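Asker: Got a predicted model here, sequence first, then my questions.
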Amino acid sequence: MALIELRDVKKSYKLDSIEIPVLKGISMIVEKGEVVALVGPSGSGKSTLMNIIGCLDVPTSGEYILDNIPVQNMNRDQIAHIRNKKIGFVFQNFNLIARLTALENVELPMIYAGVGRKERKERAMELLNMVGLSDRSGHYPTQLSGGQQQRVAIARALANNPPIILADEPTGSLDTATGKSIMELLLSLNDKFGTTLIIVTHDPTVASYCRRTVRIKDGLLVE
Ligand SMILES: Nc1ncnc2c1ncn2[C@@H]1O[C@H](COP(=O)(O)OP(=O)(O)OP(=O)(O)O)[C@@H](O)[C@H]1O
Ligand SMILES: [Mg+2]
């Protein structure tokens with residue numbers, strides 16, 4: 001079943017009234033439960049594409065159908081709602097909130113989703129336990145290693161049980177061994193929960209863990 005479908009998606013940015021095309025007509029389908037590596041040179045449009053798939057940005061033209069829902073027909077509130085429910089994000093620089101503890105960071109998406117305090121704390125603890133950090137729940141991001149911060153970020157991405165995780169260079173700031181353990185953690189989510197994973201990477205080893213590789217070059221998919 002197609003969970004993500006892009007039809008001739010184009011994206012351009014306007015700078016000083018000059019239109020710069022970034023995505024030039026991307027069509028792709030990602031089935032439920034797939035693990036996809038998205039690779040391509042710097043500036044080729046990987047993050048731009050991920051932002052569209054993650055409903056953080058909208059295409060200039062073309063269609064995006066997420067879980068049978070045409071996203072272009074939705075208003076801002078509906079898009080925010082669907083993003084909160086369907087998508088978990090993992091970034092290269094972890095993007096944790098510095099003034100919140102690990103536990104509070106994981107709770108945050110559940111606050112937005114309206115989950116009650118008690119249930120939220122329990123679920124956040126459960127998730128930290130799952131990523132191997134139950135003994136670090138009260139630590140602030142600066143008190144955690146890079147790999148530990150990325151584990152917290154993954155726990156946070158899982159908070160609302162999303163069917164899709166989008167990871168933009170999740171191992172890009174980590175050493176090889178730590179990066180490998182983060183990839184193993186992400187793949188275990190696919191195993192256990194059937195989570196669909198799309199992972200942007202420059203690293204061929206990381207891409208080799210994924211069952212399918214999609215290559216983007218100059219705003220178009222190749223091969
Ligand atoms: N908000 C924006 N306004 C104008 N141009 C943008 C904007 N965001 C991205 N671009 C341009 O779009 C192109 C693609 O950027 P994008 O971040 O998607 O590349 P990328 O493939 O993720 O690169 P990298 O591997 O370096 O992260 C770049 O040329 C960039 O300058
Ligand atoms: Mg990028």
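Answerer: Great, that's in hand. Since this is a predicted model, take the numbers as computed values, not measurements. Ligands and ions are numbered 1, 2, ... in the order given.
Asker: Show residues contacting the helix ranked longest in the chain.
Answerer: In the chain, with assignment by DSSP state H, the single longest helix is helix 176-193. Identification of contacts with helix 176-193 by C-beta atoms under 8 Å, 6 or more residues apart in numbering yields 33, 35, 90, 131, 145-147, 150-151, 154, 158, 161, 165, 167, 170-171, 174, 195-197, 199, 203, 205-206, 209. For every residue, glycine as well, the C-beta is placed using N, CA and C.
Asker: same thing with stretch 69-88?
Answerer: 53-56, 58-59, 63-67, 109, 112-113, 154, 156-160, 162-166.
Asker: Going by neighbour count, which of those are buried?
Answerer: Buried positions within the contacts of stretch 69-88, assessed by neighbour count (16 or more other C-beta atoms under 10 Å), are 53-55, 59, 64-67, 109, 154, 156-160, 162-166.
Asker: Get me the contact residues on the chain for ligand 2.
Answerer: Contact residues (C-beta under 5 Å from the ion) of the chain with ligand 2: Lys46, Ser47.
Asker: Over to the residue positioned nearest the centre of the chain. Which of the three states is it?
Answerer: Centre of the chain computed as the mean C-alpha position; nearest residue by C-alpha atoms, centre = their mean is Leu166, 2.0 Å away. Under the three-state scheme (DSSP: H, G, I helix; E, B strand; the rest coil), Leu166 adopts strand.
Asker: quick one: the strands in the protein?
Answerer: Along the chain, counting by DSSP state E, strands occupy 2-15, 18-31, 35-39, 61-66, 69-70, 87-91, 164-168, 196-200, 212-217, 220-222.
Asker: if I pick the residue of the chain found nearest ligand 2, what's in contact with it?
Answerer: In the chain, the residue that lies nearest ligand 2 is Ser47 (3.2 Å; C-beta to the ion). Residues in contact with Ser47, defined by C-beta under 8 Å, 6+ apart, are Asp168, Val200.
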